[in-house]
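> The following comprises the amino acid sequence and a computationally predicted model.
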Amino acid sequence: SFGNVPIAGTLYDVLLTGEGERKFFAFLLSWLDLPVPAEFQEERLLAGEEIPFIYTEENMPRFQNRIVYYESSRGCPFSCAYCLSGKHEPVRVKPLEQVYAELQFLIDHQVPQVKFVDRTFNCISDRCEAILSYLLAHAKEGMNFHFECAGDLFTASQLALIAKAPKGLFQFEIGIQSTCEQTLKVACRKTSISKVFDNIQKLMTLGNANIHVDLIAGLPGEDSVRFRQSFNEVYALQAHQLQLGFLKILKGAPLERMQGAYGYVFSQNPPYEILRNDILSNDEILEMKGIEDVLNRYYNSGRYPITLCYLIGLCESPWSFYLGLAQWFRQKGLLGQGISAKNAAEELLAYGVAVFSEHREEICSCLLADFYTSDASDIVPPSLRKYHILSSQTRKMVENCPSGVTIRALKDKLYAVNYGEKDPVTGRYALKLI
């Protein structure tokens, strides 16, 4: 929390400010009427080497087959108006030898995924390269390391290192937030959109790392029409995931002081999301919420790329497709409701056929291809059963079919699929024409 926040008359007894490691420990001691050592009463930021590493031999069994979060630096070099990470503190980094020792501990325990919580992992180029090089040399097969990076700060030498990585070792989350230069300027987000796009395209061309990009709806000066443009431009990058988020007013963030100038109305409850502003109505926000729902179900699931590509090719834009699909879900009362993958496929087919009835056969073929490349079973969605031939039957169509290979039939052609070889980046299986 920031500033002088009164707690009288609230449900709170104590308000802690600043970094939590020392403050919370001091609070616990004082709560128990125990003396607080002088070092825990100091009003200072932790140095890089003091940033804790919480994992031990004793507690590692608790993290088996779970994501582990790791902090090699704290703070951010930027000062975006909607964020707190760079507002009050410099970037502090752990010494590289300390980072290597801590990463080796996680490698030795074969943690499946390590998520770096560093706000901008690649802001110090030589340090970024040193850590990537260490992981390239020491990480074990099947491990994955996730980094939040500034898209315009990737250097040629960083990209060259990434190119050496085995598929699936690295995963990069890149915040774009908007493609509107004026909006980014007002939000104090210093970036070069052209460099961001160029580097993402290079990463996608490499094809060995999962790429996750972010957009924020509700930034100053970006109405629904301009945000639609941002969405379509970012969608065209075809990153593996596109997160559509919504602006939040955080206590102490610079945007809190700017909200009156832009007519912001935010929820008073966590996470304090935008309800409307001077150029974005509540109805438009709800419309975007619907798009977020179906985007997560279909695009971000990674299960329907062939079908989505075909259907979007029949529409004016990606935005118009997802808007129509969201309206379909809203009319059926399905927004925000959990449904199975097979039912999701049924709804996608029903919507596609309802809008593009003359393309039914092609849509079914695309969905069946998506099913074959994402699901090893023979239990296809009900609407596709008449197009599906059981693998026990297709196997008889191929002479000397190798063991471990499944034969799939699509539009009078036969394809081989090895369901023991999933792509570690996309999570999908390859169809190979026989």
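All right, it came through fine.

> ok, residue 169 to residue 280 distance?
Separation of residue 169 from residue 280 (CB to CB, to the nearest Å): 40 Å. Using the backbone N, CA and C atoms, a C-beta is placed for each residue, glycine as well.

> Could you do residue 31 as well?
44 Å.

> Now name the helix or strand holding the spatially most central residue of the chain.
Geometric centre of the chain, nearest residue: residue 212, 4.7 Å, by CA atoms, centre = their mean. Residue 212 is part of strand 210-217, with elements assigned from DSSP states H and E.

> Output the below-cut-off pLDDT ranges for the stretch 1-150 of the chain.
Counting by pLDDT under 70, the low-confidence segments of the stretch 1-150 of the chain come to 1-7, 86-88.

> Helices of that one, residue ranges please.
Ranges of helices in the stretch 1-150 of the chain, per DSSP state H, counting those that start in this stretch, are 20-31, 96-108, 125-138.

> Report the buried residues of the first one.
For helix 20-31, the neighbour count (16 or more other CB atoms under 10 Å) marks 22, 26 as buried.

> can you check the second one too?
For helix 96-108, burial by neighbour count (16+ other CB under 10 Å) applies to 99-100, 102-103, 106-107.

> how about residue 408, phi and psi?
For residue 408, the backbone dihedrals (degrees, to the nearest 10) come out as phi -120, psi 140.

> surely it meets residue 418?
No - Residue 408 is beyond contact range of residue 418, at 11.3 Å (criterion: CB atoms under 8 Å).

> The two: who's more crowded?
residue 408 (22 against 14; other CB atoms under 10 Å).

> And the more buried one, what's its pLDDT?
pLDDT, residue 408: 94.

> I'd like the numbering to begin with 49 instead of 1 from here.
Renumbered: residue one is now 49, and that last one reads residue 456.

> can you map out the strands along the stretch 149-298 of the chain?
In the stretch 149-298 of the chain, the strands defined using DSSP state E, counting those that start in this stretch lie at 161-164, 192-197, 218-225, 258-265, 289-294.

> Let me have those strands in JSON lines, extended by distance to residue 386.
Output for those, formatted as JSON lines (distance: least, CB to CB, whole Å):
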{"stretch": "strand 161-164", "distance to residue 386": "24"}
{"stretch": "strand 192-197", "distance to residue 386": "25"}
{"stretch": "strand 218-225", "distance to residue 386": "25"}
{"stretch": "strand 258-265", "distance to residue 386": "22"}
{"stretch": "strand 289-294", "distance to residue 386": "19"}
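
> between those strands, which one is nearest to residue 376?
Closest approach to residue 376 among the strands of the stretch 149-298 of the chain (CB to CB): strand 289-294, 17.8 Å.

> quick one: buried residues of the closest one?
In strand 289-294, counting by 16+ other CB under 10 Å, buried: 289-292, 294.

> What of stretch 205-214?
So for stretch 205-214, counting by 16+ other CB under 10 Å, buried means 206, 209-210, 213.

> Out of the residues you listed, name the ones that lie in helices.
Judged by DSSP state H, the buried residues of stretch 205-214 include 206, 209-210 as members of helices.

> Report how far apart the opening and closing residues of stretch 285-305 are.
34 Å (CA to CA, to the nearest Å).

> Next one: the residue nearest to residue 372 when sequence neighbours are not counted relative to residue 359, how far apart?
Using CB to CB, 6 or more residues apart in numbering and skipping residues adjacent in sequence, the residue nearest residue 372 is residue 403, 6.6 Å away. Per CB to CB, residue 403 is found 8 Å from residue 359.
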